[in-house]
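Asker: coords below, sequence missing:
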């Protein structure tokens, strides 16, 4: 029997389709578990950290698609928090509502008092399948120290050091704004509005077509 | 392990160069398939030349089988692949508008670029019209935003919607493609294949 190349092609396609129909394709990656070795190496090389200055720059530039998540208790959050941050205490991190808050955001920045708890939260979120998650290096302690009373670099200093110092000095009032609001008794601290962003950004607008 | 970019095997700059190579190859093969020529493309809508449908379905099936088999072999983490979000009604309306423009103008956005590069004057007019349309859309966007987001379903795949395994959906798509190939040939014979 002579088989035309066309029918042979159809046959191969059907066969490949049939194999797929009975194979566990969805079980391969269904848990969305991140590669543990990769996570470990990121933890080790500290590439999961983001520096306070970088975050401050993003806030000032109003960089889209970034959500700062404050994982301290609601009480601490009320006292002071990074402008624009949302509060999701560590124990509520994996609640449905919390995950909804993180939904539309491309980049998540985790802030706790120090590094430890934020790093734990980082691991949880990475395992959950979030790609762009970072830990605020030094946490809120470092953040407050840097922006409320920046230390002038000791002589002799490099240009870079003095620029950083000047940036910290200049950014301080913006970054520490809510502290003043909280210390002023007549003014109630402004509760940040949890903004639910739509999953859309310039980067993702690239359409593929014919 | 793929996707290479997500796993940091190369940087964004390298990615852009790869995109340029892929894009050039895409344009080259479109031209080789005769897609730089509006009359050939328009014949699709009179069922006289089903090349567009055949090429589209072939690429869909090949890419789908490739992705799923690579995932099955563990070469590719398919959850890391970017999926275009679905806006059901917005995309249906957009598809209709694109289809009408395709039938009228004889090009779709990609092929009009190919046509323009190979020097077809109608492709330049088509491109100009597309630019104008983009400008109007951009200016009107605030009033069109509701339409633009109509039927948002997130990053869903057919297997999520029908609650089937991706393998079964893949098989269904293969069967569908073969039916379309056969049906396309039947239509070509019925309406008369025209050589251009």
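Answerer: Okay, I see it. Everything quoted here is computed from the prediction, not taken from an experiment.
Asker: quick check: which element contains residue A:110?
Answerer: Assigned by DSSP states H and E, residue A:110 falls within strand A:107-111.
Asker: is chain B contacted by that strand?
Answerer: No. Using CB under 8 Å from any CB of the partner chain, strand A:107-111 stays clear of chain B, with a minimum separation of 14.6 Å. In this view, the C-beta of every residue, glycine as well, is placed from N, C-alpha and C.
Asker: what does that strand contact?
Answerer: Residues from elsewhere that reach strand A:107-111 (CB atoms under 8 Å, 6 or more residues apart in numbering or on different chains): A:50, A:55, A:65-72, A:82, A:85, A:102, A:118, A:121-122, A:125, A:130, A:132-136, A:139-140, A:143.
Asker: what score does residue A:14 have for pLDDT?
Answerer: On pLDDT, residue A:14 comes in at 92.
Asker: correct me, but it touches residue B:175?
Answerer: Yes. Between residue A:14 and residue B:175 a contact is recorded at 7.3 Å, counting by CB atoms under 8 Å.
Asker: for chain B, what's the nearest residue on chain A?
Answerer: Per CB to the nearest CB, residue A:17 is where chain A lies closest to chain B, at 3.5 Å.
Asker: isn't that residue right up against residue B:65?
Answerer: Yes. Under the criterion of CB under 8 Å, residue A:17 makes contact with residue B:65 at 7.4 Å.
Asker: find residues that contact each of these two.
Answerer: Counting by CB under 8 Å, 6+ apart, the shared contacts of residue A:17 and residue B:65 are B:170, B:174.
Asker: more neighbours: which of the two?
Answerer: residue A:17 (24 against 19; other CB atoms under 10 Å in any protein chain shown).
Asker: can you tell me the SS state at that one?
Answerer: Assigned by DSSP: H, G, I helix; E, B strand; the rest coil, the conformation of residue A:17 is helix.
Asker: residue contacts, residue B:4?
Answerer: Counting by CB under 8 Å, 6+ apart, residue B:4 makes contact with residue B:10.
Asker: returning to what we had before: the contacts of strand A:107-111 in helices, which ones?
Answerer: Secondary structure from DSSP state H places A:55, A:102, A:118, A:121-122, A:125, A:139-140, A:143 of the contacts of strand A:107-111 in helices.
Asker: pLDDT, distance to chain B and neighbour count added to these, as JSON lines?
Answerer: Output for the ones in helices among the contacts of strand A:107-111, formatted as JSON lines (pLDDT from 0 to 100; distance: CB to the nearest CB, whole Å; neighbours: other CB atoms under 10 Å in any protein chain shown):
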{"residue": "A:55", "pLDDT": "88", "distance to chain B": "21", "neighbour count": "22"}
{"residue": "A:102", "pLDDT": "78", "distance to chain B": "14", "neighbour count": "19"}
{"residue": "A:118", "pLDDT": "89", "distance to chain B": "22", "neighbour count": "29"}
{"residue": "A:121", "pLDDT": "89", "distance to chain B": "21", "neighbour count": "22"}
{"residue": "A:122", "pLDDT": "89", "distance to chain B": "17", "neighbour count": "24"}
{"residue": "A:125", "pLDDT": "85", "distance to chain B": "15", "neighbour count": "21"}
{"residue": "A:139", "pLDDT": "88", "distance to chain B": "26", "neighbour count": "22"}
{"residue": "A:140", "pLDDT": "88", "distance to chain B": "29", "neighbour count": "23"}
{"residue": "A:143", "pLDDT": "87", "distance to chain B": "28", "neighbour count": "22"}
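Asker: reformat those residues as TSV; add distance to residue B:185.
Answerer: Converted to TSV, the ones in helices among the contacts of strand A:107-111 look like this (distance: CB to CB, whole Å):
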residue	distance to residue B:185
A:55	60
A:102	50
A:118	61
A:121	58
A:122	56
A:125	52
A:139	66
A:140	68
A:143	67
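Asker: residues contacting residue A:74?
Answerer: Residue A:74 neighbours (CB under 8 Å, 6+ apart): A:87, A:89.
Asker: for it, give me the pLDDT.
Answerer: 87.
Asker: what does residue A:1 give?
Answerer: At residue A:1, pLDDT is 66.
Asker: now residue A:98
Answerer: On the pLDDT scale, residue A:98 gets 81.
Asker: repeat for residue A:185
Answerer: Note for residue A:185: predicted pLDDT of 42.
Asker: can you check the one 3 residues further on too?
Answerer: Note on residue A:188: pLDDT of 48.
Asker: and what of residue A:210?
Answerer: At residue A:210, pLDDT is 53.
Asker: quick one: contacts of the strand or helix carrying residue A:174?
Answerer: Following DSSP H and E, one finds residue A:174 within helix A:159-175. Helix A:159-175 is contacted by residues A:53, A:56, A:59-60, A:82-83, A:143, A:146-148, A:150-153, A:157 when judged by CB under 8 Å, 6+ apart.
Asker: just flag the most distant two among those.
Answerer: Farthest pair in these (CB to CB) is A:83 and A:157. Separation: 28.3 Å.
Asker: nearest residue to the middle of chain A?
Answerer: residue A:108 (1.3 Å; CA atoms, centre = their mean).
Asker: hey, what's it bridged with?
Answerer: residue A:67, residue A:133 (DSSP bridges).
Asker: wait, doesn't residue A:98 sit right on residue A:87?
Answerer: No. Contact criterion CB under 8 Å: residue A:98 and residue A:87 do not qualify, at 9.9 Å.
Asker: who has more neighbours, these two?
Answerer: Using other CB under 10 Å, the more surrounded residue of residue A:98 and residue A:87 is residue A:87, with 21 against 18.
Asker: run through the residues that contact residue A:25.
Answerer: Residue A:25 neighbours (CB under 8 Å, 6+ apart): B:68, B:71-72, B:165-167, B:170.
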